[in-house]
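J.: Quick one, what's the 3D model for this:
(2 chains)
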Amino acid sequence: MSTVEISGVARLRDISEDEFHAAYGADRFTSSVLRSRLQYVVEHMSTAFMREAFSPIIRDWYDFACTISGPAEQDYPMAVVSNSLTPFLGTMADALRNTVVEYGVDRLQPGDVLICNDPYRGGRHVNDVLFIRPVFVDGRIVSFVNMCAHQLDMGGTVPGGFSATKQNVFENGLVIPPMLLWSKDEPVRSTFSLIFDNTRWGALLLPDFKSMLEQLKLGERLILENIARYGLEAYLGTLVYATDTSAERMRDAIALIPDGDYEGSALIDADGTDASVEYRVHVTVRKRGSSVEVDLSGTSAQARTSINAGVLDAKTAVGVALTMMLDPKVPFTSGTWRSIDLVAPPGSLVTALPPDGPTMMFWESSGALIAAIFEALNPVLGERGVGGDYGSTNTHNSHGLRADGTLWTSATQAGGEHGPWGATRHGDGDSYTVLYNLNNLDPATETIEHDSPVVMLRKGHAIDTGGPGTHRGGAANVRDTLWLTDASHWLSPFRTKEPSGVGANGGRPGPNGAMWFFPPRDDGSAPSGLVGFSDEEYAASEPIAGMLNIQTKKLDPQGVYHHFASRPVWKTSPNTVLRAMTNGGGGWGNPFEREPAKVLRDVRDEYVSVEGAARDYGVVVVGDPALDPEGLRVDEHATAALRKGR
Amino acid sequence: MSQDIATSPPLAQDRVPVQGLCPRCGSAALAAYPVFSEGGWFDVVKCQGCLHSVSRERGPLLGALRLLADQI
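T.: Residues are numbered from 1 along each chain as shown, chains lettered A, B, ... in the order given. Sure, this is the predicted structure:
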């Protein structure tokens, strides 16, 4: 069949036109065009939903995704995905199969919308609801068009839901098994009522549900137009072609790993009960030829509170890690996992089971799995290694009452949700982006301040926090917010004990971050200006989380761990300042081989201090970066001597 | 301030030895266990030397999770 093969599998580029047509029901050109047109479908749906959404986490965070999957006789291949949240996309292939099979594929009718939000059937957490619309041709289901979207509240004990303190699925929120939300385009009132009777913000969810129905109809219409134009055989063949493309590209990427067994791990500091138990995600990556087995044996038993992830999230994390490290251009379809077997002992931190393994903060634990895979593979990938990221969204969730008595809620807007990536062989790590296992937007400051009684005082990078390397890791982000009313806060940083920003190819890790409250002045007024970084200011702070010096309350890797849930709810008075500092990104390559000119630029831009330049890079910078940044220069003679001495 | 901290105990996936030889590499190290991959759960017999799947059968839809509703 083919003259060029990998492990006995024909390569797509090498099969003949006749063979291609027999396999995919169309010629190469048509399949490629059709795949691109389906990509347009999911992006059009996404754009329309984002434009119409009322919920801030949809509108400002892009906390949703759209996919197209094939029918049962093709085993539901997820062929096309939107450019959006990877934790959604990675789970949606299995979630769709599990939801449709349990409901009964033969019971579905044109105009139905099937939903499910159960993390153990479909991954993620209860706020993320999967919406499935079957696409019929001549009475037969030929495809499914799907959306998954975060709902701002799904009930449970914490408004908004983002908390590590919930102890079981009953406290976590409403669980929706596979059931119809629309039947033959008619709303199923009992399902709407089930949701609205259990959520705090049904009025916000209702218009978003209506919008999603319209986007699903849009997707259905565009799919049918493509089928009418290119034929059903070409359409169905293209779904297979799209997943085969991912499978082949991932198979090629896996071949970059030398055969062998590689182990890695990452630590979650604690759960929401107390600081007495740590959780370790352990992974063994076994690679032979073009196959990989990722074994989670050695991973801690599931946590006592809602920091767990489900096995669909673990599978997603494996796909994300291998894609990020080996070939970021692998299309993220269900074919990504064709050469990957996940071995997953049930009931672990990343394969949790109900009712006592709630999954609200799932991406934190599945993110630790990504970090463990980075630790396992970075040593053998050498120059292809990738530095680690900031490791945790350090999520902030709060609510309170305005002066007029109305409720305000701020979710995932004002903690350390965004931060740096690690460096790669291509260059320095970005200093303000999203976790490796997310792909979302950063809410605008103006929006945050409009929606809640808060003032964003500071949002910038912290000096000397990028992991040193030939290419520097991204710098940690420090964010200060001033809260104007009484407030109840839940804070969730999980990776402050061990560096998440691991180094690669000889680079060094970035330091860990922490969180603090700075109280109002004695008369209850707000600080007169920005809260700084002096000893006096930290001495007046109330530490929330992180490894801190017990006397100074400043960052100290050898200090004492402060537990983020030592108070299950952090209650603050008006004019309190919250500071969230993320971890730094990992460096790539020997820092003493970084070009001195780049170190000079970093000193000018206050990514690196004069002292840090000498200590971490062996570069002697002369001058004052605060008062004369353009007058800085490198002392080349002293630099050469310093570097020679190391 | 002292802190007594434990690590939540590790779990492991059992691999049941299976008689036979790997048709690809000839190894006698075959084992049966569940895996999660494209297409969902599979009960596999795999060579522990070269990772060749000697057999691969569709596993339970939800893996280790069992629904009470299935007992209705």
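
J.: any idea how far A:L222 is from A:R140?
T.: 19 Å (CB to CB, to the nearest Å). C-beta here means a position set from N, CA and C on the backbone, and glycine is covered the same way.

J.: Looking at those two, which has the bigger crowd around it?
T.: A count of neighbours by other CB atoms under 10 Å in any protein chain shown puts A:L222 above the other of A:R140 and A:L222, at 19 against 11.

J.: Leaving out sequence neighbours, find the closest residue to the more buried one.
T.: A:V41 (4.5 Å; CB to CB, 6 or more residues apart in numbering or on different chains).

J.: Now do the SS call for that neighbour.
T.: The three-state label given to A:V41 by DSSP: H, G, I helix; E, B strand; the rest coil is helix.

J.: Test for you: state the pLDDT assigned to it.
T.: pLDDT, A:V41: 98.

J.: same check, this time on A:D404
T.: For A:D404, the model assigns a pLDDT of 95.

J.: does it sit in a helix or strand, and which one?
T.: Assessed by DSSP states H and E, A:D404 sits outside every helix and strand.

J.: Report how many residues lie close to it.
T.: Residues near A:D404, counting by other CB under 10 Å: 5.

J.: Can you list phi and psi of it for me?
T.: Torsion angles at A:D404 (phi, psi; degrees, to the nearest 10) stand at phi -80, psi 0.

J.: domain assignment for chain A?
T.: The domain map for chain A lists A:3-245, A:385-591, A:595-645, with the assignment taken from automatic domain parsing.

J.: Residues of chain B that sit close to chain A?
T.: B:1, B:3-13, B:33-40, B:44, B:46, B:49-52, B:61-65, B:67, B:69 (CB under 8 Å from any CB of the partner chain).

J.: Of those, just the buried ones, PyMOL syntax please.
T.: Buried residues within those, by 16 or more other CB atoms under 10 Å in any protein chain shown, are selected in PyMOL with:
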select buried, chain B and resi 8+10+11+13+33+34+35+36+37+38+39+40+44+46+50+51+52+61+62+63+64+65
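
J.: mind listing what the residue of the stretch 351-500 of chain A at minimum distance from chain B touches?
T.: Proximity of the stretch 351-500 of chain A to chain B (CB to the nearest CB) peaks at A:L353, 6.3 Å away. Contacts for A:L353 (CB atoms under 8 Å, 6 or more residues apart in numbering or on different chains) come out as A:Y120, A:Q302, A:P346, A:G347, B:A64, B:L65.

J.: Take these and keep only those in helices.
T.: Using DSSP state H, the members of these that fall within helices are A:Y120.

J.: quick one: which of the contacts of A:L353 is nearest A:E375?
T.: Comparing those against A:E375 with CB to CB picks out A:Q302 as the nearest, at 21.6 Å.

J.: that older thread, pretty sure the residue nearest to A:L222 contacts A:G219?
T.: Yes: counting by CB atoms under 8 Å, A:G219 is a contact partner of A:V41 at 5.4 Å.

J.: just to revisit the earlier point, for the residue of the stretch 351-500 of chain A closest to chain B, report the pLDDT, please.
T.: 97.

J.: What sits closest to residue 30 if chain neighbours are left out?
T.: Answering for chain A, as no chain was given. A:A234 (5.7 Å).

J.: that's the wrong chain, I meant chain B
T.: Spatial nearest neighbour of B:L30, chain neighbours left out: B:V18 (4.2 Å); criterion: CB to CB, 6+ apart.

J.: how close does that neighbour get to B:D43?
T.: Distance from B:V18 to B:D43, by CB to CB: 11 Å.
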